[in-house]
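Student: Just need the structure, nothing else, for what follows:
(4 chains)
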2 protein chains.
Amino acid sequence: MTSIISPDGTFSTETGTTDRLLTPGEVARIFGVDPKTVNRWALTGKVPSIRTPSRQRRYLESEVRALLRDGSVGTDG
Amino acid sequence: MTSIISPDGTFSTETGTTDRLLTPGEVARIFGVDPKTVNRWALTGKVPSIRTPSRQRRYLESEVRALLRDGSVGTDG
DNA sequence: ACGCATTTGGGTAATTTGGGCT
DNA sequence: TATGTCCAAATTACCCAAATGC
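Tutor: Numbering: from 1, shown residues only, chains lettered A, B, ... in the order given. Okay, the predicted model is just below:
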């Protein structure tokens, strides 16, 4: 999957999907966990992450959504 | 029930309700049962649940409250 | 009271998480 | 607000006996 960065900072994929970068805190709220836990997921490779020049982590919204679907909001898997 | 993730990480339902996620322990205290029992409800599809990338479960507060109403106090059977 | 299927909790070990501090 | 580390608490998955419901 190739991503293209738009002037507004979003990522566009070939399918036309627009992708936003989420902070650890945002991802944490999505999963109902502590931000520290999200960073642990990045360290253990459970969630892919991007590093800013100041070593902070950012997460692709599409990846986060995909993980949410894996642990579906419906019946337990 | 379709859920939409807001930028702040909360879940929005069709009714516009904002939702927060509860841990197994919190749900267990609400129903007065063991956390293990809550997870069993998830496994048997009685309660929808979200799975973290580390396979822990989180529960939508609105779903939990809806279940509390279904088995409402005073209307036995 | 009885039998039978279902549900629940106790116990354990391994993994995951959150609080405090930096 | 995010990072990194240590440590106690929470969660998970398993088996098995007690409780529950019909």
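
Student: which other residues reach stretch A:44-64?
Tutor: A:11, A:13, A:17, A:19-24, A:26-27, A:30, A:38-39, A:41-42, A:67, B:53-54 (C-beta atoms under 8 Å, 6 or more residues apart in numbering or on different chains). (C-beta placed from N, C-alpha, C; glycine too.)

Student: pLDDT (mean, whole number) over it?
Tutor: Model confidence over stretch A:44-64, given as mean pLDDT, is 97.

Student: Span of that stretch from start to end?
Tutor: Length of stretch A:44-64, first residue to last, C-alpha to C-alpha, to the nearest Å: 15 Å.

Student: just to revisit the earlier point, give me the buried entries from the contacts of stretch A:44-64.
Tutor: Buried members of those, scored by 16 or more other C-beta atoms under 10 Å in any protein chain shown, are A:11, A:19-22, A:24, A:26-27, A:30, A:38-39, A:41-42, A:67, B:53.

Student: List, out of the residues you listed, those positioned next to DNA strand C.
Tutor: A:41, B:53 (C-beta under 7 Å from any atom of the strand).

Student: Please report how far residue A:51 lies from DNA strand C.
Tutor: 18 Å (C-beta to the nearest atom of the strand, to the nearest Å).

Student: gap between residue A:65 and residue B:68?
Tutor: Distance of residue A:65 to residue B:68, computed by C-beta to C-beta, to the nearest Å: 29 Å.

Student: If you could redo that for residue A:70, that was the one I meant.
Tutor: In terms of C-beta to C-beta, residue A:70 sits 28 Å off from residue B:68.

Student: Residue A:33 now?
Tutor: On the measure of C-beta to C-beta, residue A:33 and residue B:68 end up 24 Å apart.

Student: neighbour-wise, which of these two wins?
Tutor: residue A:33 (20 against 12; other C-beta atoms under 10 Å in any protein chain shown).

Student: ok, that one - contacts?
Tutor: Residue A:33 makes contacts with B:52, B:56, B:58, as judged by C-beta under 8 Å, 6+ apart.
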